[in-house]
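> sequence and predicted structure, then a few things I'm wondering about:
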Amino acid sequence: MDKILEGLVSSSHPLPLKRVIVRKVVESAEHWLDEAQCEAMFDLTTRLILEGQDPFQRQVGHQVLEAYARYHRPEFESFFNKTFVLGLLHQGYHSLDRKDVAILDYIHNGLKLIMSCPSVLDLFSLLQVEVLRMVCERPEPQLCARLSDLLTDFVQCIPKGKLSITFCQQLVRTIGHFQCVSTQERELREYVSQVTKVSNLLQNIWKAEPATLLPSLQEVFASISSTDASFEPSVALASLVQHIPLQMITVLIRSLTTDPNVKDASMTQALCRMIDWLSWPLAQHVDTWVIALLKGLAAVQKFTILIDVTSLKIELVFNRLWFPLVRPGALAVLSHMLLSFQHSPEAFHLIVPHVVNLVQSFKNDGLPSSTAFLVQLTELIHCMMYHYSGFPDLYEPILEAIKDFPKPSEEKIKLILNQSAWTSQSNSLASCLSRLSGKSETGKTGLINLGNTCYMNSVIQALFMATDFRRQVLSLNLNGCNSLMKKLQHLFAFLAHTQREAYAPRIFFEASRPPWFTPRSQQDCSEYLRFLLDRLHEEEKILKVQSSHKPSEILECSETSLQEVASKAALLTETPRTSDGEKTLIEKMFGGKLRTHIRCLNCRSTSQKVEAFTDLSLAFCPSSSLENMSFQDPTSSPSTQDGGLMQASVPGPSEEPVVYNPTTAAFICDSVVNEKTIGSPPEFYCSENTSVPNESNKILVNKDVPQKPGGEATPSVTDLLNYFLAPEILTGDNQYYCENCASLQNAEKTMQITEEPEYLILTLLRFSYDQKYHVRRKILDNVSLPLVLELPVKRTTSFSSLSESWSVDVDFTDLSENLAKKLKPSGTDEASCTKLVPYLLSSVVVHSGISSESGHYYSYARNITSTDSSYQMYHQSEALALASSQSHLLGRDSPSAVFEQDLENKEMSKEWFLFNDSRVTFTSFQSVQKITSRFPKDTAYVLLYKKQHSTNSLSGNNPTSGLWINGDPPLQKELMDAITKDNKLYLQEQELNARARALQAASTSCSFRPNGFDDNDPPGSCGPTGGGGGGGFNTVGRLVF
């Protein structure tokens, strides 16, 4: 029969005839044949299968072999034995090479035919060894795919025990050697199909024997981390990623990134090649693993690797966005790489030239999927332009291209940036490892305590959070200068853009410290704030004078010493200021005007003076606890230079700095000492056509009269402001020297604010001098802090032509209603009425301690702009407030109180920050309000209120113009370069520290206190290491004054 079949297939008979005869041969398999005939038939059919010259011969071989093997199974079992199979695998078949896929297909088919025979077990044992040998020989993808088919159908042929681990490792290496040189779609699809079969085999083995998974993954990493230049592992390894359980990510990444045997060069190679895997079309979860490894490296602070890989691969990842199959994964990786690379614009600027083309192409596409993708991409682009503002030449084309897509809110952008940074403590992987020394989740930067410098840190943070002031400082062009303002600009820029958790302001501290402040000793933050603002103000005036006197020369800007300021002050008094354009920045932001009237009660003559102020010092309203206290300034009368800003007197180097310096002291004539004596606040009325309050429509209060003890409600800042502005009778030792009477006389003193500042600074005078015991004591009374403060401002032009000097030339004898007209120079407007100007609370500096000799400063603050949304609610009640002010000026029944509770409730959810030296945490306005009631030693000391406008007239730059992308002005190149350099240095420091810790201990338990403090604990004390460091509140060595 074998001879007939052999002659038939090689004959020239028509193919239909051949098929009929073949069918007869197959049917004859049912008849009995001896062993020799069967073997001859098996030989013939094997030869036809393996060496058939055409598909017909191979098809005949398969049909006849299957028929005869089924009916003559013992004979086929004898034929298809271990020796025969081993010979095929080692030597091939005649001219057929042993690695030909046909041989593997033949063995695969033979196993199916003898599956029920006992001898198949011997073949399984043989193949367990042979398949391992085959994969060690690195078969081509096609052969490996056929082998995978065989092992998938016959899992008994897969090596067992330790050999299974070896087999998986070798199979991984084999995949790593796969290559496809063809660019034809058909060949590429076939190649992907072959790789998929092999990866599916590995998945099945991992499921059946979990012990093989980790060694296989180690082999994957060994392949992709190889630094051998002669070997480039195949991207086909990406097909394995989708089969790795996602729940193993954390464990595997932690093990990988903390392994001391993994060198940086190997890790860099591995990460680069994993990013290359994004181009594999059918791989799933590649982006998840790439991002996990990026986070893992950030968690152990291996920033050098991250910087190198991002710089090398960011453009490749961006280019993957063009391909629909891999676009989602590529966008995820691109987003993480850009958002985490926050120390420098380098990575973002690598892709900037390619953004417009991509956006335009997808816009023209018009597909829904393209539009959805562009929405995600533009959000990412907006985040990056917000973070790296200051490159309008690069960003303008992009802004034009994406203008039709929604722009995320500033709050959302900040949240995204804060959560994505390498140093972000909200990183899920980072929380499993050692604590990072990066920015907190607030995104704000702390200030390192340089040794009892919390008084400076709290003030600087309050000024930094004064949004309009910060923006003005950052927008100044101070290149080439070495002034104090330049140092403040440098400090603000670093607070805004550094990657550090806390910044050490050493240079600024040395430049801004008052000469009488002893280094490493605690000082008064209010005194420091006054000195700082006055220094900045005087310095700018000097520079303006120098600029005006030397118009043709380049202004040489150098650091102005305190002595230089004093020596040039005389020049400045000769330069009048008549417009806002000539004001210094400090005057524009913090400067106000205060007018003081003193009327002699004997001759009725009056004197008045208008002076500038940068802060108001508010004494406490009298209470039973203060009956025996005298709020007396123990210093001599302060001196104020004409045309300068009001400030407290500056003690000499040998004198002890004085805490209690009420602003009212600056208004005392000649050498009279101003003493705010005990009294009760009056009601204060608005009157038309009068410049000085008339006896007929106001209440005169003698502040020498003590208040009756009683359980009154907690006083508010409004009460203290009432008390500050209340009329005062000057009697006794505080009598006024009247030039008209030429003697000391009883007098009435009244103060009015005539020009309000943009930022109102209020200092609560908590430190009084006890004349009986000669000690300074702290007033621990709680004070209610209103979120909205209405400042009474006297809107009048009556005294616009008066010079800022005392005038005592009016004979005050007429008590009629037209009396005020006699006081006015001709041509002045007669309208005069108090307007309530709304302010919103911006920041609070808190002093923590039981006395004035020890303690700690920290601050609460939030971002407030001139047109904050909170103002809109107030604005609705402004008309009502003005009408009511005629009868209840600054009273508790002010209309703003109607909206106060609703406004406070809205503010509860807004972002307030607690700045405690190095630590910055989120907090709430409720915490600000309750700080003293919860911690009696912690009291509000300095308050900053922001004036609210219906429109923002302060900033000349429109943030929506594209130049001020994040609301803040773009940084000058010099500042940006300095920040970028320091950020890189910081990342290197973190990496070195992490490596040192890894050398000391291969594995340590994670135990650290969360950043910030619990609201159930007091904020902490002051020390060289920052808030909360050592000693507690009562440490004697930390003196406040």
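Here it is on my side, so go on.

> so N740 sits against R604, correct?
No - using Cβ atoms under 8 Å, N740 makes no contact with R604, being 9.1 Å away. Using the backbone N, CA and C atoms, a C-beta is placed for each residue, glycine as well.

> look at the two and report which has more neighbours.
Comparing N740 with R604 by neighbour count (other Cβ atoms under 10 Å), the higher total belongs to N740, at 18 against 15.

> now the more buried one, nearest residue through space, not along the chain?
Once flanking residues are discounted, N740 sits nearest to S605: 4.3 Å by Cβ to Cβ, 6 or more residues apart in numbering.

> for E187, same thing?
Using Cβ to Cβ, 6+ apart and skipping residues adjacent in sequence, the residue nearest E187 is C180, 6.9 Å away.

> OK, contacts around the one you found?
For C180, the contact set (Cβ atoms under 8 Å, 6 or more residues apart in numbering) comprises 141, 187-188, 191.

> residues near A496, how many?
A496 has 18 nearby residues by other Cβ under 10 Å.

> what about the nearest residue to it once chain neighbours are set aside, neighbour count?
Of all residues not flanking A496 in the chain, D968 sits nearest, at 6.6 Å (Cβ to Cβ, 6+ apart). Close neighbours of D968, defined as other Cβ under 10 Å, add up to 21.

> do you know how far D43 is from S266?
54 Å (Cβ to Cβ, to the nearest Å).

> again, but for E756
For E756, the distance to S266 - Cβ to Cβ - is 65 Å.

> same thing with S344?
From S344 to S266 the distance is 25 Å (Cβ to Cβ).

> looking at the two, which one has more neighbours?
Neighbour comparison, S344 and S266: the larger count goes to S344, with 21 against 17 (by other Cβ under 10 Å).

> and the more buried one, what does it touch?
Contacts of S344 by Cβ under 8 Å, 6+ apart are 980, 983-984.

> mind checking the longest strand of the protein?
Counting by DSSP state E, the longest strand found in the chain is strand 832-848.

> other SSEs contacting that strand?
Counting contacts by 3 or more Cβ pairs under 8 Å, 6 or more residues apart in numbering; DSSP states H and E, strand 832-848 is packed against helix 454-464, strand 788-796, strand 856-861, helix 869-875, helix 878-884, helix 925-934, strand 938-947.

> and the next helix or strand past the last one?
Looking back up the chat, that one is strand 938-947. helix 973-1000 (DSSP states H and E).

> which elements pack onto that following helix?
Short answer (3+ Cβ pairs under 8 Å, 6+ apart): helix 973-1000 packs on helix 303-319, helix 484-497.

> hey, which of these is tucked in deepest?
Of all the helices and strands packed on helix 973-1000, helix 484-497 carries the top mean neighbour count, a mean of 21, counting by mean count of other Cβ atoms under 10 Å.

> pLDDT of that helix, averaged?
Averaged over helix 484-497, pLDDT sits at 91.

> what ranges do the helices span in the stretch 501-650 of the chain?
506-512, 525-549, 562-567, 569-573, 585-590 (DSSP state H, counting those that start in this stretch).

> least confident of the helices and strands packed on strand 832-848, on average?
Among the helices and strands packed on strand 832-848, helix 878-884 carries the lowest mean pLDDT, at a mean of 40.

> quick one: the helices and strands packed on helix 973-1000 as JSON lines, columns for distance to D404 too.
As requested, these are exported to JSON lines (distance: least, Cβ to Cβ, whole Å):
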{"stretch": "helix 303-319", "distance to D404": "21"}
{"stretch": "helix 484-497", "distance to D404": "30"}
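
> now for these, which one comes closest to I402?
helix 303-319 (15.3 Å; Cβ to Cβ).

> near P14, how many other residues are there?
A count of nearby residues for P14, using other Cβ under 10 Å, gives 9.

> about what we covered before: ok, which of the helices of the stretch 501-650 of the chain comes nearest V610?
Nearest of the helices of the stretch 501-650 of the chain (Cβ to Cβ): helix 585-590, 14.1 Å.

> list the contacts of the closest one.
466, 468-469, 472-473, 476, 485, 533-534, 536-537, 540, 577, 580, 612, 614-615, 645, 757-759, 761, 954.

> could you single out the most deeply buried of the helices and strands packed on strand 832-848?
Burial of the helices and strands packed on strand 832-848 is given as mean neighbour count (mean count of other Cβ under 10 Å); strand 856-861 ranks first at a mean of 29.

> could you check the angle helix 525-549 makes with that one?
70 degrees (axes from the mean of the first three to the mean of the last three Cα atoms, to 10 degrees).

> how far does strand 856-861 sit from the chain's center?
21 Å (Cα atoms, centre = their mean, to the nearest Å).

> for K407, give me the pLDDT.
pLDDT, K407: 90.

> please name the residues that touch it.
Counting by Cβ under 8 Å, 6+ apart, K407 has contacts 378, 382.

> list phi and psi for it.
Backbone torsions of K407, given as degrees, to the nearest 10, read phi -100, psi 130.

> now it: how far from C38?
Using Cβ to Cβ, we find K407 at a distance of 82 Å from C38.

> surely F915 and N457 touch.
Yes - under the criterion of Cβ under 8 Å, F915 makes contact with N457 at 7.2 Å.

> is it true that T46 lies in a helix?
Yes - under DSSP: H, G, I helix; E, B strand; the rest coil, T46 sits within a helix.

> how many neighbours does it have?
T46 is flanked by 19 other residues according to other Cβ under 10 Å.

> does it really touch R58, like I thought?
No - using Cβ under 8 Å, T46 is not in contact with R58; the gap is 11.0 Å.

> between the two, which contacts overlap?
With Cβ under 8 Å, 6+ apart, T46 and R58 have no common neighbours.

> run through the bridge partners of R919.
Under DSSP bridges, the beta-bridge partners of R919 are N916.

> what's the burial count for it?
22.

> same deal with Q184?
When neighbours are counted by other Cβ under 10 Å, Q184 registers 9.

> go on, A238?
As a burial measure, A238 scores 27 neighbours (other Cβ under 10 Å).

> can you check the one 10 residues further on too?
Under the neighbour criterion other Cβ under 10 Å, M248 is assigned a count of 13.

> same deal with F613?
Residues near F613, counting by other Cβ under 10 Å, number 23.

> re earlier: mean pLDDT for the helices of the stretch 501-650 of the chain: which is lowest?
What stands lowest among the helices of the stretch 501-650 of the chain, in mean pLDDT terms, is helix 569-573, with a mean of 44.

> just to revisit the earlier point, buried ones among the contacts of helix 585-590?
Neighbour-count burial (16 or more other Cβ atoms under 10 Å) is assigned, among the contacts of helix 585-590, to 466, 468-469, 472-473, 476, 485, 533-534, 536-537, 540, 612, 614-615, 645, 757-759, 761, 954.

> hmm, back to that, neighbour-wise, which of the contacts of C180 leads?
P141 (23 neighbours).

> helix, strand, or coil at the nearest residue to T923 once chain neighbours are set aside?
Leaving aside its chain neighbours, T923 sits nearest to L914 (4.4 Å; criterion: Cβ to Cβ, 6+ apart). Of the three states, L914 takes strand under three-state DSSP.

> and the gap between L914 and T442?
When L914 is compared with T442 (using Cβ to Cβ), they lie 9 Å apart.

> more neighbours, those two?
A count of neighbours by other Cβ under 10 Å puts L914 above the other of L914 and T442, at 26 against 20.

> for that one, give me the pLDDT.
91.

> hang on, it packs against I931?
No - using Cβ under 8 Å as the test, L914 is too far from I931 to be in contact (9.7 Å).

> shared neighbours, those two?
What both L914 and I931 touch, as defined by Cβ under 8 Å, 6+ apart, is the set Y860.

> just the element for the residue nearest to E187, please.
Using DSSP H and E, no element contains C180; it sits outside every helix and strand.

> roughly how far does it sit from W280?
Taking Cβ to Cβ, one finds C180 at 12 Å from W280.

> again, but for C525
Per Cβ to Cβ, C525 is found 60 Å from W280.

> could you give the secondary structure assignment for the closest residue to L240 other than its chain neighbours?
Computed as Cβ to Cβ, 6+ apart, the closest residue to L240 that is not its neighbour in sequence is S199, at 5.3 Å. Classification of S199 by three-state DSSP places it in helix.
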